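J.: Sequence and predicted model, in that order:
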Amino acid sequence: MDTAYLSLDAAGRDRWIRNRRPDRLPVDPRRPYAFVEEAELGPDGTLWSTAVVFLTNGECAFGCLMCDLWRQTLRRQAGPTPCSPQIAAVVPQPQRYRMVKLYNAGSFFDPAVINPSEYDAILAAVGGVRRVVVECHPAFLNRHFRDFAARCRHTGVELEVAMGLETADPVALARLNKRMSVEDFESGVAAVRREGAFARAFVLVRAPWQSEADGRRWALESIRLAQAAGCDAVTMIPTRAGNGAMDRLLETGEWAPPALSTVESLLAESLHVNSGRVFVDDWDLERLATCRDCGPDRVGAIRMMNRTQRPVAPLACGSGCRP
Ligand code: SF4
Ligand SMILES: [Zn+2]
């Protein structure tokens with residue numbers, strides 16, 4: 001059994017994805033929908049204290065097949081939402097951090113969700129940090145991006161732009177409804193670097209219609225491509241259900257989440273290559289820890305590799321759940 005998704009045109013795929021959506025989650029436009037503190041190994045080899053602010057704002061202009069970020073957004077028609085008060089609400093002393101990530105579940109330089117007139121206030125709200133990280137689809141690397149990059153240079157703060165490459169597999173990428181090619185991603189990294197900013201790539205582990213082995217192979221290839229394009233860091237994101245569309249693909253056998261051992265070995269292998277920092281998004285990683293014997297230890301090994309950027313040998317499992 002399969003869905004009819006692959007036989008649809010772009011507009012049909014968009015409808016197919018949106019028609020399966022569960023309800024949005026309640027959010028308050030005055031507050032970030034989440035906030036975490038973390039320590040990330042920085043480019044200088046030291047641990048950078050980092051604040052991650054998940055800003056509440058309007059929904060992304062795109063509707064990617066695997067994306068569930070829209071659940072914590074407001075309707076796009078609501079217009080731009082003030083962000084600097086949200087940042088101040090959770091980061092009253094930004095100078096305590098080396099880095100602040102401002103993730104807005106879409107494109108930071110999309111003027112329909114973040115008003116460019118607020119850029120100075122946003123930079124004031126993160127005053128004293130060394131680096132600010134924002135996320136953006138390459139299609140929104142526009143004049144607002146160049147304006148913000150110039151303001152960052154002027155205030156002496158480093159800018160890093162995180163972009164979803166998702167997968168270097170051109171067939172799988174086209175199926176994601178992201179409206180972006182591998183070449184668009186590479187051009188986006190070049191545009192970021194031209195402004196003196198740093199680039200980070202998000203890479204999926206096991207896109208829909210990829211087998212476990214193909215998902216592993218393409219994740220490695222995607223990391224290699226992102227590093228060659230000039231990305232300063234790569235963050236792997238294990239695909240997950242929960243947005244309606246992915247749940248349907250799980251039912252029909254067109255997608256399955258990656259095994260935790262695959263994620264673990266991917267991280268170890270890419271750190272062995274030693275071509276740049278590679279991380280795994282460990283949010284909710286426990287959901288992949290399906291084996292009671294080795295699951296918690298694998299999660300621990302991934303978090304350890306994230307923190308140290310040193311590979312560890314793959315864990316053997318007493319239950320033999322995975323090789
Ligand atoms: S561009 Fe990013 S935020 Fe927007 S729908 Fe796609 S994955 Fe989600
Ligand atoms: Zn096991």
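T.: Received it, and whenever you're ready, just let me know what you need. Residues are numbered from 1 along each chain as shown. Ligands and ions are numbered 1, 2, ... in the order given.

J.: how much space is there between the closest residue in space to Leu55 that isn't next to it in sequence and ligand 2?
T.: Among residues not flanking Leu55 along the chain, Asn104 sits closest, at 4.3 Å (CB to CB, 6 or more residues apart in numbering). Yep, even glycine has a C-beta here, placed from its N, CA and C like the rest. Remark: distance between Asn104 and ligand 2 (CB to the ion, to the nearest Å) = 37 Å.

J.: Please apply the same query to Cys152.
T.: The value you get for Cys152 to ligand 2, if CB to the ion is used, is 45 Å.

J.: Backbone dihedrals for that residue, both of them.
T.: phi -60, psi -50 (degrees, to the nearest 10).

J.: So which bits of stretch 179-195 are buried?
T.: Residues of stretch 179-195 classed as buried by neighbour count (16 or more other CB atoms under 10 Å): 179-180, 182, 184-186, 188-189, 191-193, 195.

J.: Pick the one among these closest to Gly45.
T.: Set against Gly45, the nearest of the buried residues of stretch 179-195 by CB to CB is Arg193 (21.4 Å).

J.: name the element the closest one belongs to?
T.: Applying DSSP states H and E as the criterion places Arg193 in helix 182-194.

J.: Contacts for that helix next, please.
T.: Identification of contacts with helix 182-194 by CB atoms under 8 Å, 6 or more residues apart in numbering yields 138-139, 141, 145, 161, 163, 165, 168, 170, 173, 198-199, 201, 225-226, 229-231.

J.: tell me which element the residue of the stretch 201-323 of the chain found nearest ligand 1 is part of?
T.: Residue nearest to ligand 1 within the stretch 201-323 of the chain (CB to the nearest ligand atom): Phe202, separated by 8.0 Å. Per DSSP H and E: Phe202 is located in strand 198-205.

J.: Packing partners of that strand?
T.: strand 131-135, strand 158-166, helix 182-194, helix 212-229, strand 233-238, helix 260-273 (3 or more CB pairs under 8 Å, 6 or more residues apart in numbering; DSSP states H and E).

J.: if you set the cut-off to 10 Å instead, what comes out?
T.: Secondary-structure packing of strand 198-205 (3 or more CB pairs under 10 Å, 6 or more residues apart in numbering; DSSP states H and E): strand 131-135, strand 158-166, helix 182-194, helix 212-229, strand 233-238, helix 260-273, strand 277-280.

J.: ok and the helix or strand following the shortest one relative to strand 233-238, angle-wise?
T.: Proceeding C-terminally, strand 277-280 gives way to helix 295-308 as the next helix or strand, assigned by DSSP H and E. Computed by axes from the mean of the first three to the mean of the last three CA atoms, to 10 degrees, the angle separating helix 295-308 from strand 233-238 equals 170 degrees.

J.: can helix 295-308 be found next to ligand 2?
T.: No - Helix 295-308 is not in contact with ligand 2 by CB under 5 Å from the ion; minimum separation 6.6 Å.

J.: what packs against that helix?
T.: So helix 295-308, by 3+ CB pairs under 10 Å, 6+ apart, packs with strand 34-41, strand 233-238, helix 260-273, strand 277-280.

J.: Distance from it to the middle of the chain?
T.: 19 Å (CA atoms, centre = their mean, to the nearest Å).

J.: cool, and stretch 131-143?
T.: 12 Å.
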